[in-house]
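> Predicted model and sequence follow; I will ask about them next.
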Amino acid sequence: MKSSARLGRPVNADAERTRRRILLAAMTHVAEVGYSRATMKSIAEQADLTSAAIYRYFPSKADLVLQALDDVFADVVGRLEAAAFSVEGLRARLVALLEEALACMADHPSMTRFEASLLFESTHSPEFAAAVGYRRHTEETLYRRLVVEAVDTGELPVGTSVEAMVDLLTSVSWGLTHLSVTATADRHRAAIRLTESLLAQGFPTGS
């Protein structure tokens with residue numbers, strides 16, 4: 001339950017904790033109501049802070065929300081990369097990515113709806129378009145590393161179109177993300193399990 005007294009001027013020793021509290025509140029609130037309907041006042045209420053306190057950390061709603069996106073994306077990408085390269089072979093790495101993606105969603109339950117709201121916002125905001133574009137570029141870069149190494153090791157045949165494989169993996173990833181927003185958690189998990197089952201059947205080799 002929220003306390004009746006809200007924090008005012010941030011204490012230096014607790015500044016980082018307060019900052020993260022604001023970012024979490026922003027992500028949760030934008031996921032619930034959408035970016036256009038969210039206000040700094042409503043985010044402050046979600047964080048149990050004064051509006052003045054939030055403005056000492058972030059000068060505008062756009063700055064706050066973009067920073068929230070950057071923070072959650074940095075965390076997720078770091079975890080996905082670590083998971084992918086903790087095992088050997090493209091199939092095992094893709095399964096590890098899917099499992100870690102599920103874990104990330106469990107740790108950041110508002111993440112996919114938050115990102116979906118900003119994806120819509122990116123259609124008419126250069127700042128948000130750049131943030132969403134960077135997210136896609138980083139994801140594609142990770143997939144490209146996995147595919148190139150699979151070709152080099154012979155897991156994928158020589159002549160495999162790296163770009164086509166990257167596009168395929170990106171499409172599957174974004175499709176599963178969309179499903180997590182539009183369907184139940186059980187349907188989303190079932191789709192991931194089926195994807196993992198199909199991966200287990202393997203890829204054609206060069207032999």
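Yep, it's here.
> need the contact list for residue 129.
With contact set as Cβ atoms under 8 Å, 6 or more residues apart in numbering, residue 129 has these partners: 122, 123. From N, CA and C alone the C-beta is placed, and that goes for glycine too.
> Tell me if it really is in a strand.
No. The assignment for residue 129 (DSSP: H, G, I helix; E, B strand; the rest coil) gives helix, which keeps it out of a strand.
> Please tell me the pLDDT value assigned to it.
Confidence at residue 129, expressed as pLDDT, is 90.
> for residue 1, same thing?
pLDDT recorded at residue 1 is 40.
> could you measure the residue nearest in space to the middle of the chain against residue 191, distance?
In the chain, the C-alpha nearest the mean C-alpha coordinate belongs to residue 73, at 4.9 Å (Cα atoms, centre = their mean). Computed with Cβ to Cβ, to the nearest Å, the distance linking residue 73 and residue 191 is 22 Å.
> ditto for residue 18
From residue 18 across to residue 191, the span is 38 Å (Cβ to Cβ).
> can you check residue 168 too?
16 Å.
> so for the host helix or strand of residue 70, what's the average pLDDT?
In this assignment (DSSP states H and E), residue 70 forms part of helix 61-84. Over the span of helix 61-84, the pLDDT mean works out to 93.
> Next: stretch 158-170.
Predicted confidence along stretch 158-170 averages 94 (mean pLDDT).
> Tell me the buried residues in that stretch?
Neighbour-count burial for stretch 158-170, counted by 16 or more other Cβ atoms under 10 Å, picks out 160, 165, 166, 169, 170.
> got the CA positions of it in CSV?
These are the backbone C-alpha positions of stretch 158-170, laid out as CSV (Å, rounded to 0.1, in the frame of the first residue of the first chain):
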residue,chain,number,x,y,z
VAL,A,158,27.7,-22.5,-47.4
GLY,A,159,25.6,-20.1,-49.6
THR,A,160,23.0,-19.6,-46.9
SER,A,161,21.6,-16.0,-47.3
VAL,A,162,22.7,-14.4,-44.0
GLU,A,163,20.3,-11.5,-44.5
ALA,A,164,17.4,-13.8,-45.2
MET,A,165,18.1,-15.8,-42.1
VAL,A,166,18.4,-12.6,-40.0
ASP,A,167,15.1,-11.3,-41.5
LEU,A,168,13.4,-14.7,-40.6
LEU,A,169,14.7,-14.7,-37.0
THR,A,170,13.7,-11.0,-36.5
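> Compute the distance from the centre of it to the centre of its chain.
Centroid separation for stretch 158-170 versus its chain: 22 Å, with Cα atoms, centre = their mean, to the nearest Å.
> Phi first, then psi, for residue 58.
Phi and psi for residue 58, reported as degrees, to the nearest 10, are phi -140, psi 130.
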